[in-house]
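Enquirer: Below is the sequence, then the predicted model.
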2 protein chains.
Amino acid sequence: MPINPSVDHYLELNMDDSIRELSKYCTQPSIAAQQLGTHECAQMTRGMLEKRGFTVEVFQTAGAPIVFAERKGRSDKTLLFYNHYDVQPPEPLELWESPPFSPTIRDGKLFARGVVDDKGHLTSRLFAIDAILDVDGELPCNVKFVVEGEEEISSVNLEHFVKTHQDLLHADACVWEYGGVDFNDRPVLGLGLRGICYVELRIKTANQDVHSGLGGSIFPNAAWRMVWALATLKGPDESIRIEGFHDDILPIPERSRELMARLPDPSDEYRNRYGLKGFIKGLSGGVDLLIEEVFTPTCTICGLSSGYQGEGSKTILPCEARAKLDFRLVPNMQPEKIIHLLRAHLDQNGFQDIDIIDLGSEAPAVTDPDDPFVKVVVEAAREVYDQPMQIVPLSGGSGPNAIFMKTLHLPIVSAGVSYPGAQIHAPNENMRLDLYLKGARHIARMLTVFGAV
Amino acid sequence: MPINPSVDHYLELNMDDSIRELSKYCTQPSIAAQQLGTHECAQMTRGMLEKRGFTVEVFQTAGAPIVFAERKGRSDKTLLFYNHYDVQPPEPLELWESPPFSPTIRDGKLFARGVVDDKGHLTSRLFAIDAILDVDGELPCNVKFVVEGEEEISSVNLEHFVKTHQDLLHADACVWEYGGVDFNDRPVLGLGLRGICYVELRIKTANQDVHSGLGGSIFPNAAWRMVWALATLKGPDESIRIEGFHDDILPIPERSRELMARLPDPSDEYRNRYGLKGFIKGLSGGVDLLIEEVFTPTCTICGLSSGYQGEGSKTILPCEARAKLDFRLVPNMQPEKIIHLLRAHLDQNGFQDIDIIDLGSEAPAVTDPDDPFVKVVVEAAREVYDQPMQIVPLSGGSGPNAIFMKTLHLPIVSAGVSYPGAQIHAPNENMRLDLYLKGARHIARMLTVFGAV
């Protein structure tokens, strides 16, 4: 069904206002990992939703608040949007071309920490709603928003909220926080996310650092013990060596392989964008690379820290070492079990002295590619983008989609305003303004089609 | 031979002035690793020596200047003092009870970065010279000082200076920069130092950090590659696995074992001071621990750095990793060869992508325990300390003693004002005032005995 052309007209005319609102939103730091500015950002989010006539409630949690909003529409159907107002830490600051919390437009892109992940997604949806309300005076369906503030630290307080507010959150379908185009500018519809289990390993071998001339031959060294422990987890052949780690993995569905085979080969794009000499595991590209990228669990060292890290030399034997580890889990793996297996592995290998700090986890979850809502979203994109949406059965990232799917029993799809150069989680995060407009047009159509079917 | 009692009297009367001079000296940061304040500190050193009537020359180098000073004495014999005015970086700052460059007296100790390592050693020697000059009007022998500013970064410019100034530096014996008492307050005479080879390993696998949801299964990870490379260098059994590493090591001399067997067991002291649960390699204490401590070469990780190290979680795959490594070398090992073997080892194990940055090295060197100068120093200590000096054939630390021994062909001994609680290289570095006075009394006697024999 065609959309009222006045909606597109409104969006084109009011881009500047929406970008101004987004810029203001990005000026507010909201770093969940550092508990910085999240309460302030929750209040900004409340104000932005109330401005559109939503009934808003801000739920306090043990961490950052969760913002819930609701507005009735013409039909009985309810669409739920999941977004988050928290952002990744901006470090390393010296690599930003403009300060991370001073949004700046360059070359048709808006640069700021969180501009794509995820503040621009929320405002593009509000922008679509503005257009529909301006043209029609009411929404085609009921719309709900859950905007949390701890997505970047594994949504540690969301599960309890969802489980205890099932009636409030009841909906027929859900649009996820992110999405966008691939490196050929072809729009992507994502159906699932890997799980995650993020831990910090810590060891302390003495009450202080020691002169390395003294202890090197006879004292335990925290850095060495961490290195040896890590080396038992994954070998140079990239195989994860934790006993039982792979036990629950399901075979890759034939339908998923079929969808993956239709996707373009990203290998040249990756090599160029990230300056890679090559890939690991002997991979070169094509569907093998695509499948390995998402259908394999990972054990990634995200950070390592011990002893002296300044310029030049300091001759100490460090008493402490820390490693941050991120396991991405494929369908049917359970994060709680992974932590249990990791503890058992460290103990069995003589590393009882290494503590595991659980920094949050999420289960993997996927939506059926043949769910009717998938067709709605693909249909809504048809006249916005030059190419049809491509369906990606599983993405490499993670999020709390399993919580919604298991509790609310609804299909969840990803569609949004991002692109491969968006530098998500990295310095110089940015959003293309042309995709922002397209994303808003897509959402406006999605609401219209969804309300009508 | 007894010393003029007026010398001791002078030292007791003038302690406050000397501590005031030392405090002022410690107020000047002089961090070689960060090239901070070294030129200023060289000029302070010059002024302090000129005040005692020394002829001083400040030699510029590619790094920190070297201060040379000379004053004639009664006999033809020349004693050379080697000291350094540079200090270790003070980090971690939050662990200091008083600021590192604001010298503070508490409980009979002076706290400051560099107070013992090595500024207090230099001023204690100047203090002894003050006393002798006050009482006798001249020195018992010729005295020379070499005070460099890069000891803490492996004396990278000293060798060239010593080799090109052999006549200037000519002396009959040398007193090294440090020394003091053991944990039983028994004075220690050190005869040798291990060598050192300090390197930084660096790897860069991409042009930026990548979202760990994207690259974890298919991109190289700099932190993992560093962990795997390090794990090939030394195993959990503490054995260093670099081929050829042990080839040049000499057997431990019987005379050294004999001297080591006379030393007290430090194991309880180490356990308590550093909060250790135990030692590595199954060691429990006694002469085995003492010999292992110094007669074994080490491969110590002094620092590890990669990716996100802040609070909480950040889901990135790091593009860079760094490790600082310190090899302590026992007699006859050559640092240049160790770097060569390390490069070959990394290449053979598939780590051609890891760069080695040479941050400085020094060869091991020892003085004969039966050299006549050793007797002079022991004799001079007799009426200062309650117990006789104990002779330590090899110490765990390093320094440029090999440069002096090989070029100038003189015996070198260590004797000074430190003690095991001095927190050298660590927060809250401190010097006991009682030992400072004893150290000055010892030096005054040493000059007197040395000039007379």
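Expert: Okay, I see it.
Enquirer: what comes up buried for stretch A:305-314?
Expert: Neighbour counts using 16 or more other C-beta atoms under 10 Å in any protein chain shown place A:305-309, A:312-314 of stretch A:305-314 among the buried residues. C-beta: built from backbone N, CA, C; applies to glycine.
Enquirer: got the end-to-end distance for it?
Expert: 15 Å (C-alpha to C-alpha, to the nearest Å).
Enquirer: quick one: average confidence on that stretch?
Expert: Across stretch A:305-314, the average pLDDT comes to 92.
Enquirer: So what does the closest residue to A:Lys119 other than its chain neighbours have for phi and psi?
Expert: Excluding the flanking residues, the one nearest A:Lys119 by C-beta to C-beta, 6 or more residues apart in numbering or on different chains is A:Tyr25, at 4.9 Å. Dihedral pair for A:Tyr25: phi -60, psi -40, per degrees, to the nearest 10.
Enquirer: now swap in A:Glu311 and tell me
Expert: Dihedral angles (degrees, to the nearest 10) for A:Glu311: phi -70, psi 160.
Enquirer: List the residues that contact it.
Expert: Going by C-beta atoms under 8 Å, 6 or more residues apart in numbering or on different chains, A:Glu311 touches B:33-34.
Enquirer: So which residues on the stretch 101-250 of chain A come close to chain B?
Expert: Counting by C-beta under 8 Å from any C-beta of the partner chain, the residues of the stretch 101-250 of chain A close to chain B are A:152-154, A:194, A:196, A:198, A:200, A:205-221, A:223-224, A:226-228, A:230-231, A:234-236.
Enquirer: returning to that earlier point: what subset of the buried residues of stretch A:305-314 is also close to chain B?
Expert: Under the cut-off given by C-beta under 8 Å from any C-beta, chain B has A:305-309, A:312-314 from the buried residues of stretch A:305-314 close to it.
Enquirer: Of these, which belong to strands?
Expert: The strands, defined by DSSP state E, take in A:305-307 from these.
Enquirer: Distance from the top strand by length along chain A to the middle of the chain?
Expert: As assigned by DSSP E, the longest strand anywhere in chain A is strand A:192-204. Centroid separation for strand A:192-204 versus its chain: 15 Å, with C-alpha atoms, centre = their mean, to the nearest Å.
Enquirer: what do you get for stretch A:167-187?
Expert: 12 Å.
Enquirer: for the lengthiest helix in chain A, packing partners?
Expert: The longest helix of chain A (DSSP state H) is helix A:433-452. Where contact means 3 or more C-beta pairs under 8 Å, 6 or more residues apart in numbering or on different chains; DSSP states H and E, helix A:433-452 is packed against helix A:5-13, helix A:15-27, strand A:78-84, strand A:109-111, helix A:120-136, strand A:173-175, strand A:180-181, helix A:372-381.
Enquirer: could those go into JSON lines alongside mean pLDDT and mean neighbour count?
Expert: Listed next are the helices and strands packed on helix A:433-452 as JSON lines, based on pLDDT from 0 to 100; neighbours: other C-beta atoms under 10 Å in any protein chain shown:
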{"stretch": "helix A:5-13", "mean pLDDT": "95", "mean neighbour count": "16"}
{"stretch": "helix A:15-27", "mean pLDDT": "98", "mean neighbour count": "18"}
{"stretch": "strand A:78-84", "mean pLDDT": "98", "mean neighbour count": "25"}
{"stretch": "strand A:109-111", "mean pLDDT": "98", "mean neighbour count": "22"}
{"stretch": "helix A:120-136", "mean pLDDT": "98", "mean neighbour count": "24"}
{"stretch": "strand A:173-175", "mean pLDDT": "98", "mean neighbour count": "24"}
{"stretch": "strand A:180-181", "mean pLDDT": "97", "mean neighbour count": "24"}
{"stretch": "helix A:372-381", "mean pLDDT": "96", "mean neighbour count": "19"}
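Enquirer: Would you format those as a markdown table with distance to A:Gly350 included?
Expert: Listed next are the helices and strands packed on helix A:433-452 as a markdown table, based on distance: least, C-beta to C-beta, whole Å:
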| stretch | distance to A:Gly350 |
| --- | --- |
| helix A:5-13 | 61 |
| helix A:15-27 | 48 |
| strand A:78-84 | 40 |
| strand A:109-111 | 48 |
| helix A:120-136 | 46 |
| strand A:173-175 | 46 |
| strand A:180-181 | 46 |
| helix A:372-381 | 49 |
